[in-house]
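In: Fold the following, please.
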Amino acid sequence: MSDALFAILAAARWAQFFSLFVLFGVVLFPFYVTRAAPAPCGERLASSTRRAIAVAGTVQPLSLLAWVATSIASMGDGWISVGDPGFVKAFFLEASFGRLWLARLLLTALLVGALVLARRRLPARNAATGIVLVLVGALLVSQAGIGHPAALPDKVRPFVIAGYSLHLLGGAAWIGGLWPLRTILAEAKHDDRVRPYVQFALGRFATMATGAVALVLVGAALNIQPEVAALNPSDLTAWGWCVVSKVVLFGALIAIAYRNRFVLTPLLGARRKEATKDLLRHVVVDQGLAAVVLAVAAFMGVTSPTG
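Out: As a prediction, this is how the structure comes out:
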């Protein structure tokens, strides 16, 4: 694979990860934060989350098309293969992962249709939001079948794919949920009336995030074990260094989450302004770290574990 194709493929994977994480976390949010936000916070929260859905809903299909086109080009004779009907047909119908790609394209088409038709009803606790949540979840889970796990032996592949799925779903619920949380905290800086709602939302988010982190850890243990077992610690490949980087970054995210839940959240009563500012700053840092984690994951997806 040329350097240009490698860079485009990694960028497309990162954009796909990030857009699906935002979509999943944002549309899941109203299903566990069940209390309505007071005005005007509620209107601003709805506006902010709808913008996030609109942007992520645009990036997702574009990045998926870029991903599949670059995959076809890398397996064939470059970009000319993307316009070769015979090669494209073989890619989708003869390759072991081709039908899964067709399923992902179908899911994407359904998702775009659902987002367009239900745009004024998102996100809320309703059937339209539930349908979008299921479609985004299916797209996250289906990614497991087109990466490194697809090349593993039959006896371990189902466990690794299951682990990869749990890893992605947990990460998306946690990281994607930071967007509405950031909006709420930004409103709370200027409006004391939002404080009870902020405390309720933080408590619900913390409970959800605890379960999400458990899924991330269990999923990572199942997903990465076969590759890590083959690594030589004294001679790490680029993929191996990516694993180390993800562990360090994940540790930083956990440390921030611990401080948010057990140090800053209890201070919302006595030191509301300072605690709210610190929480908001930490959420922004979390989002930045998450973007880097997803970039590392995208790079790992196009790099061989053995170098």
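
In: how many other residues sit next to Leu20?
Out: 25 (other CB atoms under 10 Å). For glycine as for every other residue, the C-beta is placed from the backbone atoms N, C-alpha and C.

In: what does the one 10 residues further on give?
Out: In terms of burial, Pro30 registers 22 neighbours under the definition other CB under 10 Å.

In: Show me what counts as buried in stretch 214-225.
Out: By 16 or more other CB atoms under 10 Å, the buried positions in stretch 214-225 come out as Leu215, Val216, Gly219, Ala220, Leu222, Asn223, Ile224.

In: doesn't Val160 make contact with the fifth one?
Out: Yes: assessed by CB atoms under 8 Å, Leu222 is found in contact with Val160 at 6.3 Å.

In: got the contact list for Thr276?
Out: By CB atoms under 8 Å, 6 or more residues apart in numbering, the contact set of Thr276 is Leu185, Ala188, Lys189, Val198, Leu268.

In: one step back: which ones among the buried residues of stretch 214-225 are found in helices?
Out: Judged by DSSP state H, the subset of the buried residues of stretch 214-225 located in helices is Leu215, Val216, Gly219, Ala220, Leu222, Asn223, Ile224.

In: contacting residues around the last one?
Out: The one in question is Ile224. Ile224 makes contact with Gly163, Val243, according to CB under 8 Å, 6+ apart.

In: what's the answer for the second one, then?
Out: Counting by CB under 8 Å, 6+ apart, Val216 makes contact with Leu166, His167, Gly170, Gly171, Trp174, Phe250.

In: Please report phi then psi for the residue of the chain positioned farthest from its centre.
Out: Centroid-distance maximum for the chain: Ala270 at 34.7 Å, with CA atoms, centre = their mean. Main-chain dihedrals, Ala270, degrees, to the nearest 10: phi -90, psi -40.

In: any idea how far Phe205 is from it?
Out: Distance of Ala270 to Phe205, given as CB to CB, to the nearest Å: 21 Å.

In: Name the SS class of Ala37, please.
Out: coil (DSSP: H, G, I helix; E, B strand; the rest coil).

In: and it, how many neighbours does it have?
Out: If you count neighbours by other CB under 10 Å, Ala37 ends up with 22.

In: Please name the spatially closest residue to Ser71 (chain neighbours excluded).
Out: Once flanking residues are discounted, Ser71 sits nearest to Leu9: 7.0 Å by CB to CB, 6 or more residues apart in numbering.

In: Where does pLDDT dip in the stretch 1-150 of the chain?
Out: 148-150 (pLDDT under 70).

In: ignore the last one, the stretch 201-307 of the chain
Out: Applying pLDDT under 70 to the stretch 201-307 of the chain picks out residues 225-236, 305-307.

In: Now with 80, please.
Out: Within the stretch 201-307 of the chain, the ranges that satisfy pLDDT under 80 run 223-237, 239-240, 269-270, 304-307.

In: Centre of the chain to the helix or strand hosting Phe92, how far?
Out: Using DSSP states H and E, the element containing Phe92 is helix 85-93. Centre-to-centre, helix 85-93 and its host chain are 29 Å apart (CA atoms, centre = their mean, to the nearest Å).
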